[in-house]
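J.: Give me a 3D structure for the following:
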Amino acid sequence: MSMNKRSFLGTTGLLGAAALAFANEERVGEGNAASLVGVGPYLQNVDDTGATVMWLTNVKCHSWVEWGETDALGKKAQMIVDGQVAANNTLNRIRLAGLRPGRRYFYRICSREITRYGPYKVEWGRLENSEIKSFETANPDSDALKCIFFNDIHDNLPLFSKLVEQVDGLDYDLSIFNGDCFNDPATEEKVLRSLATYNQGINAASTPVVYLRGNHEIRGAYSRQWPGLVDNPGGKQYFALSRGPVRFIFLDCGEDKADSHWAYSGLNDFEGFHREQAEWLEQEIVKPEFTQAKYRVLVHHIPIYGLNPDSFNPWKTLWGPILNRAGFDMSIHGHTHRAAIHPPHTAGDHNYPVIIGGGKKMGDGTVTILEVNKDGLSATILDAHGEKTEGYLVEK
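T.: The predicted structure follows:
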């Protein structure tokens with residue numbers, strides 16, 4: 001084939017344009033994952049008018065939720081950011097809004113694989129829809145509640161399986177993981193393995209779950225990404241939510257040593273974070289949602305009261321006076337790896353009972369059941385064999 005200089009330059013220009021167009025495309029998935037979905041749906045931030053559905057795919061996708069008031073579904077929700085539909089991602093956080101209190105809703109998650117994302121064309125791979133799930137929105141008029149609490153599992157998945165067995169058949173409304181359930185997150189793979197196991201164990205596709213940080217979720221290379229796996233009211237690691245007759249306040253204690261400790265390499269500023277929460281707490285405890293709640297429950301990983309007297313405890317001075325003024329009926333914690341219940345004023349200057357869950361071994365791991373019924377507000381701590389280790393009742 002003969003080619004003069006002009007035609008050669010024209011051809012190379014076309015080749016260059018094609019190469020540039022190809023460079024601007026992203027080859028995303030090769031269709032080699034057994035399933036598009038890596039971590040199935042789990043419910044976050046379910047209140048009386050909305051719910052967040054989260055899940056993760058193994059390859060980059062465009063994902064959405066199909067939902068409705070019957071299993072016929074009929075509605076579609078997807079995340080839209082500044083005019084763009086969220087796509088070419090693996091982490092999905094989709095809000096279902098405009099729901100009604102105390103109603104059952106049905107949904108399924110849908111993910112369509114993106115094999116190539118170019119500037120003018122997207123190429124699609126497989127489409128995967130989950131089976132239909134259902135959940136109930138919060139009912140502010142309910143006078144009953146059951147919650148289960150886990151803490152300090154430290155990725156000990158066999159222990160978690162035994163603890164879940166102890167609440168099998170219990171019709172609970174909410175599951176709460178109260179810190180140190182993910183041990184020093186090093187990689188996404190490690191975190192997602194535990195997340196998938198926890199979600200499946202407590203049926204998080206149909207029952208809302210709260211994941212609260214402890215000090216160990218703050219350590220490790222993946223710790224900065226870990227908060228992206230949750231959707232809390234207000235978007236912070238401290239927040240409040242109402243469920244039936246209970247107003248919950250969740251706080252984040254951060255680390256169990258000072259920011260200046262050598263282990264943190266100068267990358268922590270929890271001192272400022274503690275002050276920020278103190279200011280928020282002062283505002284939260286005067287809101288009608290708190291003051292008019294029948295029961296008020298405080299949740300954070302490291303207990304302020306019940307710690308070793310020599311332990312690092314900046315929260316006692318900063319938060320303690322506010323918490324005592326607030327009128328809490330109970331607080332629930334972990335961290336010490338020793339299950340205990342401290343009635344008011346028995347572990348320091350606290351005017352509410354302090355409930356502390358157990359540890360990470362089969363011999364000291366616990367699950368705590370919080371229940372509100374006609375008798376009052378109760379906390380029951382069970383070990384991995386179903387034996388009741390501690391209990392407390394607040395009558396009102």
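
J.: Report the buried residues of whichever strand or helix holds Val367.
T.: Assigned by DSSP states H and E, Val367 belongs to strand 366-373. Of all the residues in strand 366-373, those buried under the rule 16 or more other CB atoms under 10 Å are 366-372. Where you see a C-beta, it was placed from the backbone N, CA and C, and this is true even at glycine.

J.: what do you get for stretch 275-295?
T.: Buried-residue list, stretch 275-295, by 16+ other CB under 10 Å: 277, 280-281, 284-285, 290, 293, 295.

J.: ok so, going back, neighbouring strands for the strand holding Val367, and are they parallel or not?
T.: Taking DSSP bridges as the criterion, strand 366-373 sits next to strand 145-150 (antiparallel), strand 376-383 (antiparallel) in its sheet.

J.: want to try CSV for those strands, with distance to Asn178 and mean pLDDT as columns?
T.: CSV is the format used below for the strands paired with strand 366-373 (distance: least, CB to CB, whole Å; pLDDT from 0 to 100):
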stretch, distance to Asn178, mean pLDDT
strand 145-150, 5, 98
strand 376-383, 12, 97
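
J.: mind giving me the domain ranges of the protein?
T.: Here the domain parsing of the chain from automatic domain parsing is 27-136, 145-394.

J.: Show me where this protein has its helices.
T.: 5-23, 157-166, 188-201, 270-284, 288-291, 315-318, 320-326 (DSSP state H).

J.: Determine which of those helices approaches Gly358 most closely.
T.: The closest of the helices of the chain to Gly358 is helix 157-166. By CB to CB, the value is 9.4 Å.

J.: Could you list the residues in contact with that closest one?
T.: Helix 157-166 is touched from outside by 150, 153, 193-194, 197-198, 201-202, 360-362, 365-367, 382-386, with contacts defined as CB atoms under 8 Å, 6 or more residues apart in numbering.

J.: Buried ones among those residues?
T.: 150, 153, 193-194, 197-198, 201-202, 360, 365-367, 382-384.

J.: List the contacts of the strand holding Val367.
T.: By CB under 8 Å, 6+ apart, strand 366-373 touches 143-151, 163-164, 166-167, 170, 172, 244-246, 294-295, 297, 330, 332, 339, 355, 357-358, 377-384, 389.

J.: swap in stretch 83-91?
T.: For stretch 83-91, contacts defined as CB under 8 Å, 6+ apart pick out 26, 28, 38, 54, 56-63, 78-80, 92, 114, 117, 122, 228-229.

J.: One more pass at 6 Å, please.
T.: Contacts to stretch 83-91, defined as CB atoms under 6 Å, 6 or more residues apart in numbering, come from residues 56-57, 60, 62, 78-79, 114, 117.

J.: quick one: which of the residues you listed is nearest to Glu128?
T.: Once CB to CB is applied, the member of those that ends up nearest Glu128 is Thr57, at 8.4 Å.
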